[in-house]
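Trainee: build me a model from this:
(2 chains)
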Amino acid sequence: MIYVFGGLLLITFIKEKDELLKKKRNICLFLLLSVIGLALGIVRMIYPYIPSIVYTLEKHMK
Amino acid sequence: MNKQLTMRQVVFMYLFISLSPVLRQIPSMLAREAGRGGYLSPFWSVFAILPLTAGILLLIRSFPGLNLYEIMVHLSGRVFAKFITLLYIFWILISLSAKLNIYSLTLQFTLMPKTRSDFFMQIILILVYYALLRGSKTIFRFSEFALGPIILLIGVLFVCAVGRLRTDYLFPMSTINFPSTIRASKAVIAVGGNLTLILFFADKLGIALSKKQIRRLWSGSIIFIFISFVITIFTYGITGAALTANLPFPFYITVKSISFFNIFERFEVLVTLICILSDFVTICIMFIILMRLIQWLFGIRERGFLFLPLAIISYYLSYIVSSTQFEFDYFFRFIILNINLVFQYIIPVFFGLLCILKRKHIKQQY
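Mentor: Numbers count the residues shown, from 1 in each chain, chains lettered A, B, ... in the order given. Okay, the predicted model is just below:
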């Protein structure tokens, strides 16, 4: 799925190029959010059975 | 600033997005906390939801034509407003991930147990993208159009269920149960607090609120309390509080036992449909709010390019936050409810109090 998302991000970038490159803030924000999303995706791809935040919280709160 | 939304649309949106938690989570939460007396809890929530409505009206009337961010800037300054906006972004992101998760879990639990949750999430994200392409007004119009038939359907179900209601599941009640019913009302209050979302769209409501619009907002919050009460009575009266407390979706199981004069049955599919539609609208609204919050925080004009990165983040976050029904139940009960109380009550009440304190200054401005 991460490859699909990567491709879609590229398409969005090409489609919104003018808007994104008009202001530095726009491109920075787009890149920042994309990197966060892809990083989460990579974590999910490498560790598909990583314990969820709620599982960890539940374990520590008991 | 142009008038794009009516109070009627906003109130219908509030009722529509509150439907799925009312059907899915509230009955079991109330049964767990208050046992047999849990159906009285919606009444206690009046003491929180109605003052919240008054607070929201105070803010909207004191700052006509302004949204939550602009109100916060006027009351507390730009830096503090940006900080609160950042907190709201985190809240919406967590709520959005949880909503995506429970939406896919509901479909797995009720209709398609062998289908993977990824598939449901991908489909809803495509649908949400399509809906958002048509503009936010489409989503409000959809709520306005769909809520009436849904309320009618719930009414028909209730009429069909009246004969099956067991009074021994509801009575006898004792005054000893009252404190636990008050504590349990937190679940209803946290869901009813969705009313705060109206403040995010307050700039689209126009400059002056008419008496009719104010009446609509009040009636919206009263209808919410009434629906919560009816659904809880319905679930308790047929399934019983003990079983309701241990089921992930008690209303669905309750409706399974109802038939329309022995002619039609299996209404539970319609209950799933209602929840899915409600979740769809909620996810759309959360995306709109999230994009508006980012717009306010970073001062950007265009927000179309934000959808895909945010969709990716919320998609993966939904796995990282919680992945099973049990985890979601725990998350909703101990985390979402409490966080909701902070963002839906404490922060708006804080700004409401600031508004009262600075009333003279505000009056000079407008």
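
Trainee: you'd agree residue B:192 is up against residue B:21?
Mentor: No. Residue B:192 lies out of contact with residue B:21 (Cβ atoms under 8 Å); the separation is 9.7 Å. All C-beta atoms are positioned from the backbone trio N, CA, C, and that covers glycine.

Trainee: in terms of neighbours, single out the busier of the two.
Mentor: residue B:192 (30 against 26; other Cβ atoms under 10 Å in any protein chain shown).

Trainee: what about the most centrally placed residue in chain A, distance to chain B?
Mentor: Nearest residue to the geometric centre of chain A (Cα atoms, centre = their mean): residue A:37, 0.6 Å. Per Cβ to the nearest Cβ, to the nearest Å, residue A:37 is found 3 Å from chain B.

Trainee: quick check, that residue in contact with residue B:313.
Mentor: Yes. Counting by Cβ under 8 Å, residue A:37 touches residue B:313, with 4.4 Å between them.

Trainee: give me every residue in chain B lying close to chain A.
Mentor: B:118, B:122, B:294, B:298-300, B:302, B:304-306, B:308-313, B:315-317, B:319-323, B:327-328, B:330-331, B:334-335 (Cβ under 8 Å from any Cβ of the partner chain).

Trainee: and residue 42, what element?
Mentor: Going with chain A. Following DSSP states H and E, one finds residue A:42 within helix A:24-46.

Trainee: not what I meant, chain B
Mentor: helix B:41-44.

Trainee: pLDDT score for residue 61?
Mentor: Just going to use chain A. pLDDT, residue A:61: 74.

Trainee: actually chain B
Mentor: 86.

Trainee: next up, the contacts around it.
Mentor: residue B:209 (Cβ atoms under 8 Å, 6 or more residues apart in numbering or on different chains).

Trainee: what's the following helix or strand after the helix or strand harbouring it?
Mentor: Assigned by DSSP H and E, residue B:61 belongs to helix B:46-62. Following helix B:46-62 in sequence order, the next helix or strand is helix B:68-76 (DSSP H and E).

Trainee: after that following helix, next one along is what?
Mentor: helix B:78-110.

Trainee: can you list the buried residues in that following helix?
Mentor: For helix B:78-110, a neighbour-count test (16 or more other Cβ atoms under 10 Å in any protein chain shown) marks B:81-82, B:84-85, B:88-89, B:91-110 as buried.

Trainee: residue B:169 belongs to a helix?
Mentor: Yes. According to DSSP: H, G, I helix; E, B strand; the rest coil, residue B:169 belongs to a helix.

Trainee: got the phi and psi for the closest residue to it other than its chain neighbours?
Mentor: Of all residues not flanking residue B:169 in the chain, residue B:240 sits nearest, at 4.6 Å (Cβ to Cβ, 6 or more residues apart in numbering or on different chains). Here is the backbone geometry of residue B:240 (degrees, to the nearest 10): phi 90, psi 150.

Trainee: the residue nearest to the centre of chain A: what's it in contact with?
Mentor: A:5, B:309-313, B:315-316.

Trainee: over to residue B:319?
Mentor: A:44, A:52, B:101.

Trainee: the first one: neighbour count?
Mentor: The criterion is other Cβ under 10 Å. On that basis, residue A:44 has 18 neighbouring residues.

Trainee: I'd guessed it sits against residue B:320; true?
Mentor: Yes. Taking Cβ under 8 Å as the definition, residue A:44 is a contact partner of residue B:320 at 7.3 Å.
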